[in-house]
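Asks: Got a sequence here, can you build the structure:
(one chain, ligands or ions: 2)
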Amino acid sequence: MAEKRAENGVAAMAACYQRFDPAAYLQYNYTPPRADFDRKDSIVPWKLACLHRAFTEGDVNGELLVDIGSGPTLYQVLSGCEVFNQVLLTDFLEVNRQELRRWVRDEGSCNLDWTPYLQYVCKLEGRRPSAWTEKAVKLRKVIKDILPIDVHRPQPMAPGAVPSAGADCLVSCFCLESVSPDLPAFTRALGHIGKLLRPGGHLLLIGALGESYYLGGPGVKIPVVPLNEAQVCSSLKETGYTLIRLEVYTLPQDMRVGVDDVTGVFFVKAKKD
Ligand SMILES: C[S@@+](CC[C@H](N)C(=O)[O-])C[C@H]1O[C@@H](n2cnc3c(N)ncnc32)[C@H](O)[C@@H]1O
Ligand SMILES: O=S(=O)(c1ccc2c(c1)CN[C@@H](CF)C2)N1CCSCC1
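Replies: Ligands and ions are numbered 1, 2, ... in the order given. As a prediction, this is how the structure comes out:
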């Protein structure tokens with residue numbers, strides 16, 4: 001009975017995502033006021049700095065980085081592309097994979113200009129902002145594929161998509177809590193993606209705290225599992241990760257713009273046991 005309920009919850013979530021609108025999602029979350037590089041208290045500098053530090057402090061290395069639930073966004077691999085020579089982007093929806101392919105193939109008509117993000121990460125790396133063009137070339141070179149994924153499946157990706165030994169690093173941002181009908185499903189999904197990671201590999205997880213819904217497009221209200229820090233830590237422990245660092249950002253009032261009810265954002269660096 002419980003299994004049937006879980007299946008129904010996952011199916012209902014998948015149905016919600018059929019109305020997901022990448023262009024609107026990018027507009028809601030990745031343009032000002034949320035993505036304001038001139039504001040010291042903006043979430044963008046905080047998140048990009050968390051990722052930059054995590055990728056560059058010396059313990060993260062290897063060949064393959066996999067981004068779980070990429071959506072239509074690239075910011076999450078802008079630092080990682082300097083550390084790994086193979087990056088896989090993944091998403092549940094073809095519309096998001098198409099958005100990413102348009103950027104990777106430099107076909108134009110992307111729904112967001114990632115230049116400010118590329119420039120900001122170059123600044124974090126001590127490079128001149130004009131080096132963003134070189135970073136874009138590097139990123140396009142290391143992205144080896146853009147593949148389907150379903151984190152609710154015990155095997156989230158097609159056989160052979162990731163080497164049997166596992167990826168060296170996973171990054172995942174605002175995915176697991178936004179696609180799971182409840183906390184047990186979130187925890188199971190965390191375990192499923194862990195199977196894609198080699199023992200000793202790192203997980204960089206960014207997510208929403210206290211969020212119960214978000215708009216995935218005009219009038220597209222998508223339920224979210226409201227998480228607190230203790231639940232995130234408990235789920236990590238339950239699924240075989242050792243927490244290295246947890247950082248929390250509290251969203252300023254004026255960044256609560258009605259596209260969701262998120263109160264904070266967490267950043268986790270963890271290692272698979
Ligand atoms: C809130 S968006 C996050 C996008 C991006 N990572 C970011 O940081 O903004 C959640 C993403 O999860 C994807 N998704 C939905 N169901 C999924 C599933 N079962 N497995 C993996 N990803 C899923 C959606 O297509 C969407 O791109
Ligand atoms: O933290 S954000 O404000 C952000 C970015 C994405 C999301 C949320 C918040 C909250 N709702 C999530 C639903 F899944 C998606 N941010 C937007 C600017 S760039 C860094 C990330």
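Asks: can you count the residues close to the residue in the stretch 51-200 of the chain that ligand 1 sits nearest to?
Replies: Closest approach between the stretch 51-200 of the chain and ligand 1, counting by CB to the nearest ligand atom: G71, at 2.5 Å. Using the backbone N, CA and C atoms, a C-beta is placed for each residue, glycine as well. If you count neighbours by other CB atoms under 10 Å, G71 ends up with 28.
Asks: my guess is it meets N96, correct?
Replies: Yes - in this structure G71 lies within contact range of N96 using CB atoms under 8 Å: 5.2 Å.
Asks: so what's in contact with the two at the same time?
Replies: Both G71 and N96 are in contact with P22, where contact means CB atoms under 8 Å, 6 or more residues apart in numbering.
Asks: Quick one: check the one helix or strand in the chain whose mean pLDDT sits lowest for contact with ligand 1.
Replies: Each helix and strand of the chain was given a mean pLDDT (mean pLDDT, DSSP states H and E); the minimum falls on helix 2-17 at a mean of 87. Yes - using CB under 6 Å from any ligand atom, helix 2-17 reaches ligand 1 at Y17.
Asks: helices and strands around the first helix or strand past that helix going along the chain, which ones?
Replies: Per DSSP states H and E, helix 2-17 leads on to helix 22-30 as the next helix or strand towards the C-terminus. Judged by 3 or more CB pairs under 8 Å, 6 or more residues apart in numbering; DSSP states H and E, helix 22-30 is in contact with helix 94-104.
Asks: in which helix or strand would I find L65?
Replies: Per DSSP H and E, L65 falls inside strand 64-68.
Asks: Contacts for that strand next, please.
Replies: Residues outside strand 64-68 that contact it (CB under 8 Å, 6+ apart): 76-77, 80-81, 83-84, 86-90, 149, 151, 156, 162-163, 167-173, 175-176, 193, 196.
Asks: Next to ligand 1, which bits of the stretch 101-250 of the chain? Give me the list.
Replies: 149-152, 173-175, 178-179.
Asks: how does it look with 5 Å?
Replies: By the rule CB under 5 Å from any ligand atom, the part of the stretch 101-250 of the chain lying against ligand 1 is 149-151, 173-175, 178-179.
Asks: Of the residues you listed, which is the most crowded?
Replies: Counting by other CB under 10 Å, top hit in these: I149 with 27 neighbours.
Asks: what ranges do the strands span in this protein?
Replies: 64-68, 86-91, 143-148, 167-173, 197-209, 213-215, 221-223, 241-250, 264-272 (DSSP state E).
Asks: Out of those strands, which is the most enclosed?
Replies: Stretch with highest mean neighbour count among the strands of the chain: strand 64-68 (a mean of 27; mean count of other CB atoms under 10 Å).
Asks: so how far is it off the chain centroid?
Replies: Here strand 64-68 is found 10 Å from its chain centre; the criterion is CA atoms, centre = their mean, to the nearest Å.
Asks: ok, is it in contact with ligand 1 or not?
Replies: No - contact of strand 64-68 with ligand 1 (CB under 5 Å from any ligand atom) is absent, the minimum separation being 6.8 Å.
Asks: could you measure the most centrally placed residue in the chain against A6, distance?
Replies: With distances taken as CA atoms, centre = their mean, C173 lies nearest the centre of the chain, 2.2 Å away. Applying CB to CB, to the nearest Å, the value for C173 to A6 is 24 Å.
Asks: now V232
Replies: To A6, V232 is 20 Å away according to CB to CB.
Asks: again, but for A49
Replies: Counting by CB to CB, the separation of A49 from A6 is 37 Å.
Asks: Then P252?
Replies: Note on P252: its distance to A6, by CB to CB, is 36 Å.
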